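Trainee: sharing a model prediction with you, sequence too.
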Amino acid sequence: MSNNPLLSINDLIDFPAIKPEHVVPAMKSLIADAQETLTAVTQDSTPATWDDVITPLEKKTLALSRAWGAVSHLMSVCDEPQLRKAYNEALPIVTQFWIGLSQSSLSQKYKAIKESDGFKNLSAVRQRIINEELIDFKLAGAFLPEDKKAELKTVKETLAQESQKFSENLLDATNAYGLLVDDEKELAGIPADDIAAFKETAQAANQEGYRITLQIPHYLAVLQYAQNRKLRETLYHAYVIRASELDFDGKFNNNDVMRRIVELRAQEARLLGYKNYGEVSLATKMAKTPEEVVAFLRDLAQKSLPQAKADMAEVKAFAKDNLGIADPQSWDLPYASEKLREARYAYSDQEVKQYFTLPAVFNGLFGLVQTLFNIRIVKDNAPVWHPDVQFFRIENAQGEKVAQFYVDLYARPNKRGGAWMDNDRTRNRLYGSLQTPVAYLVCNFAKPVGDKPALLTHDDVLTLFHEFGHGLHHMLSRIEEPSASGINGVEWDAVECPSQFMENFAWDWTVLENLTSHVQTGEKLPLSLYDKMLAAKNFQSAMAMVRQLEFGLFDMLLHTEFDSQKDNILNLLAEVRKEVAVTKQPDYNRFPNSFSHIFAGGYAAGYYSYKWAEVLSSDAFSLFEETGVLNPETGKKWLNEVLAVGSSRPAMDSFIAFRGRAPKIDALLRHSGIKPIAK
């Protein structure tokens, strides 16, 4: 046990040393340690004070969280059979501990601290943490009768397992597919870099020809660029039936998993005294009621639908008149849209991509945040989980370490799709000296081909800025109470604000110019090409808007009005699409089966948060537009009033402190190019 790397994390995690056989023993040991401390601090004889109850327990639970976080992270980026087996064996043990803790008499200690004379002497941050924890205790069932507590515990444990099963089915279904193309002529229209990637994938599988997977870089390359309509349809079909009864004879079918998840969440809501799971979700968010969220989404839909319908009519007409596709289907729309954009704005994503070499993008991104926040980012060293991973350090103006972060950018088998930021360590002084934050930034970009640097699409650049925004929120926090530092405790519908805010910079010329270096010539992006990109920025933005509103509305209605005993998930989605969608999907489309955000990713009855937070982020960025996009004073204000304060105060208070008023929807509609409806 002494050489178990999960038990001896002092500074950085030794990822190469972590083996599957370490997982279960480490979790059992750390849980036993935490359980012993929990028992001690909840004794009647233990004084109800912060230092006697919260600090000792926080030391133990943070050690457990960090070790389990490392294992969970490895599952996301290096999923393999032995690790998965160990993870799944440990998952119920870890889940039971956290549920047990949240339902324990610790809640009574927090209540006693709140009611004690010493409460008013605590800092405002600590008072807020206690108040928020009491809400969390309520949601965990801590104040329920013992029989209901036990029932809720079983529900939560089962939910954790079902969510993990959903993820595994989706990953396995994605990885199981590979389309082998023998003749390169079948790939006409697809960029050379992507064709080379297909060839490399085939070689890695000991195959001749071109192997196309359902990893996002492969999928989008085909859907956007392949002239071969049959190839587009084949890939589209494979992608949208993933993890359903139509896929691999139902081997990875998520249908029953989804139904069980929805039923379990409804059961959780009833046990806690709420009408539905939507109310449970919103108990810790900015939005107050499901009705408020649904009204917000429908209001945005009403403002966006006329333009979205016009956009759709336009692309369909273009497909018919210019591409010979009389009745364009879902697998034709990305291709037709790309061709329409090229025709209208005389440039392609592929042309732009040649300028966004990864080293140039990183230099520009780092230069931006160094200007705005008076920090330095330098290359650093750490044990990593894959050769592609890089590690960096953030320093302040005095050269002191502020934070560190890992970057894992490329798509590969056994790595979860999408992009995300996760925290490894949160800023704290629990052990006397300052422990600085450590973060993971993970994307799924196309790997570099041959000896060229990796090339990013502009969408990839936006993704990188988005995740880095999350990272800055975590890493530049000045709060030293772990529960309120960085993104911890931030209302879920506000947590996307700093990430979406950063995306705006990737559209500004003064920033964008410094992100580029042509892969062959080293030249900067020409202003003429930028002007075309800017003109095209909101191309089909209303279509994109209603697509997100479709997801958000489906999610909230699924968790509020849906009856799993008599309703059908696909029927609900069809009703939502009838109301807000402009794209007609084929009957075999099984989108919910891969909607991991809400079934496995923490966004249940919370997907609306992306648009809610975008209202905040667009409005916040409008102050930079007013004062100068690279204005260090405005940057300092954003740092001081939003990034640095974590969840030490309500997100709305932080927004108002920065913007000087409550948020307005106008900037989002303007940034999206959605024109006001004529009255």
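Mentor: That came in fine, so what should we check first? Numbering: from 1, shown residues only.
Trainee: what stretches of this protein score poorly on pLDDT?
Mentor: Residue ranges of the chain with pLDDT under 70: 1-2, 678-679.
Trainee: just checking, what's the longest helix in it?
Mentor: Looking across the chain with DSSP state H, the single longest helix is helix 290-322.
Trainee: flag every buried residue along that helix.
Mentor: Of the residues in helix 290-322, 290, 293-294, 296-297, 300-301, 303-305, 307-308, 311-312, 314-316, 318-319 count as buried by neighbour count, 16 or more other C-beta atoms under 10 Å. All C-beta atoms are positioned from the backbone trio N, CA, C, and that covers glycine.
Trainee: stretch 406-418 too?
Mentor: For stretch 406-418, by 16+ other C-beta under 10 Å, it's 406-411, 415-417.
Trainee: run through who's touching that stretch.
Mentor: With contact meaning C-beta atoms under 8 Å, 6 or more residues apart in numbering, stretch 406-418 is reached by 76-80, 167, 171, 174-175, 213, 215-217, 358, 382, 384-386, 388-392, 424, 438-447, 454, 464, 596.
Trainee: among these, name the ones in strands.
Mentor: 390-392, 424, 438-445 (DSSP state E).
Trainee: in its sheet, what does the longest strand seen in the chain sit against?
Mentor: Counting residues, the longest strand found in the chain (DSSP E) is strand 401-410. Take DSSP bridges as the rule and strand 401-410 pairs in its sheet with strand 390-395 (antiparallel), strand 438-445 (parallel).
Trainee: which secondary structure elements does the host helix or strand of residue 86 contact?
Mentor: Using DSSP states H and E, residue 86 falls within helix 81-102. Under the contact criterion of 3 or more C-beta pairs under 8 Å, 6 or more residues apart in numbering; DSSP states H and E, helix 81-102 touches helix 20-41, helix 55-77, helix 124-140, helix 146-176.
Trainee: residues in contact with it: which ones?
Mentor: 20-21, 23-24, 27-28, 31, 34-35, 38, 61, 64, 68, 71-72, 74-75, 136-137, 140-142, 152-153, 156-157, 160-161, 164, 168.
Trainee: now do stretch 658-673
Mentor: Residues outside stretch 658-673 that contact it (C-beta under 8 Å, 6+ apart) are 300, 303-304, 504, 537-538, 541-542, 545, 611, 614-616, 618-623, 637-638, 641-642, 652, 655-656, 676.
Trainee: before we move on, back to that, what residues sit buried inside the helix holding residue 86?
Mentor: 83-84, 86-87, 90-91, 94-102.
Trainee: pick out whichever of these sits closest to residue 7.
Mentor: Using C-beta to C-beta, residue 90 comes nearest to residue 7 of the buried residues of helix 81-102, at 13.7 Å.
Trainee: helices of the stretch 401-550 of the chain, start to end?
Mentor: Under the criterion DSSP state H, counting those that start in this stretch, helices of the stretch 401-550 of the chain are mapped to 458-475, 497-503, 509-512, 527-536, 541-558.
Trainee: wait, which of these is closest to residue 604?
Mentor: Residue 604 sits nearest to helix 541-558 of all the helices of the stretch 401-550 of the chain, at 7.2 Å, using C-beta to C-beta.
Trainee: other SSEs contacting whichever helix or strand comes after that closest one?
Mentor: Next along the chain after helix 541-558, taking DSSP H and E as the criterion, comes helix 569-580. Counting contacts by 3+ C-beta pairs under 8 Å, 6+ apart, helix 569-580 is packed against helix 255-272, helix 290-322, helix 541-558.
Trainee: distance of the closest residue to residue 494 other than its chain neighbours from residue 45?
Mentor: In space, and not counting its chain neighbours, residue 494 is closest to residue 651: 3.5 Å by C-beta to C-beta, 6 or more residues apart in numbering. Distance of residue 651 to residue 45, given as C-beta to C-beta, to the nearest Å: 39 Å.
Trainee: what about those two, which has more around it?
Mentor: A count of neighbours by other C-beta atoms under 10 Å puts residue 651 above the other of residue 651 and residue 45, at 22 against 5.
Trainee: hmm, the more buried one is touching residue 286, no?
Mentor: Yes - at 6.0 Å, residue 651 and residue 286 qualify as touching, with contact defined as C-beta atoms under 8 Å.
Trainee: how's this protein carved up into domains?
Mentor: Following automatic domain parsing, the chain resolves into domains at 5-143, 177-241, 358-380+387-536.
Trainee: need the ones you listed in JSON lines (columns: distance to residue 279).
Mentor: As requested, the domains of the chain are exported to JSON lines (distance: least, C-beta to C-beta, whole Å):
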{"stretch": "domain 5-143", "distance to residue 279": "10"}
{"stretch": "domain 177-241", "distance to residue 279": "32"}
{"stretch": "domain 358-380+387-536", "distance to residue 279": "14"}
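Trainee: so which of those is nearest residue 277?
Mentor: Residue 277 sits nearest to domain 5-143 of all those, at 11.1 Å, using C-beta to C-beta.
Trainee: end to end, how far does that closest one reach?
Mentor: Domain 5-143 has an end-to-end distance of 37 Å (criterion: C-alpha to C-alpha, to the nearest Å).
Trainee: repeat for stretch 137-147
Mentor: 16 Å.
Trainee: list the buried residues in that stretch.
Mentor: Buried-residue list, stretch 137-147, by 16+ other C-beta under 10 Å: 137-144.
Trainee: same deal with stretch 502-512?
Mentor: By neighbour count on 16+ other C-beta under 10 Å, the buried set for stretch 502-512 is 502-508, 511-512.
Trainee: now do stretch 393-406
Mentor: 393-395, 402-406.
Trainee: could you dump these to a markdown table with distance to residue 259?
Mentor: Output for these, formatted as a markdown table (distance: C-beta to C-beta, whole Å):
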| residue | distance to residue 259 |
| --- | --- |
| 393 | 47 |
| 394 | 45 |
| 395 | 51 |
| 402 | 46 |
| 403 | 42 |
| 404 | 42 |
| 405 | 39 |
| 406 | 37 |
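Trainee: now the two most distant members of those.
Mentor: Among the buried residues of stretch 393-406, the pair separated by the greatest distance (C-beta to C-beta) is 395 and 406, at 16.9 Å.
Trainee: starting at the chain centroid, how far to the helix holding residue 86?
Mentor: Remark: helix 81-102 is offset 22 Å from the chain centroid, using C-alpha atoms, centre = their mean, to the nearest Å.
Trainee: taking helix 20-41 as reference, get the angle to it.
Mentor: 10 degrees (axes from the mean of the first three to the mean of the last three C-alpha atoms, to 10 degrees).
Trainee: what's next to the helix or strand following helix 81-102, contact-wise?
Mentor: Reading on from helix 81-102 to the C-terminus, the next helix or strand found by DSSP H and E is helix 106-115. Contact with helix 106-115 is made by 38, 41-42, 46, 48-50, 53-54, 57, 119, 130-131, 133-134, 137, 142-143, as judged by C-beta under 8 Å, 6+ apart.
Trainee: in PyMOL, how would I select the buried members of those?
Mentor: Buried subset of the contacts of helix 106-115, written as a PyMOL selection, criterion 16+ other C-beta under 10 Å:
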select buried, resi 38+41+42+48+49+50+53+54+57+119+130+133+134+137+142+143
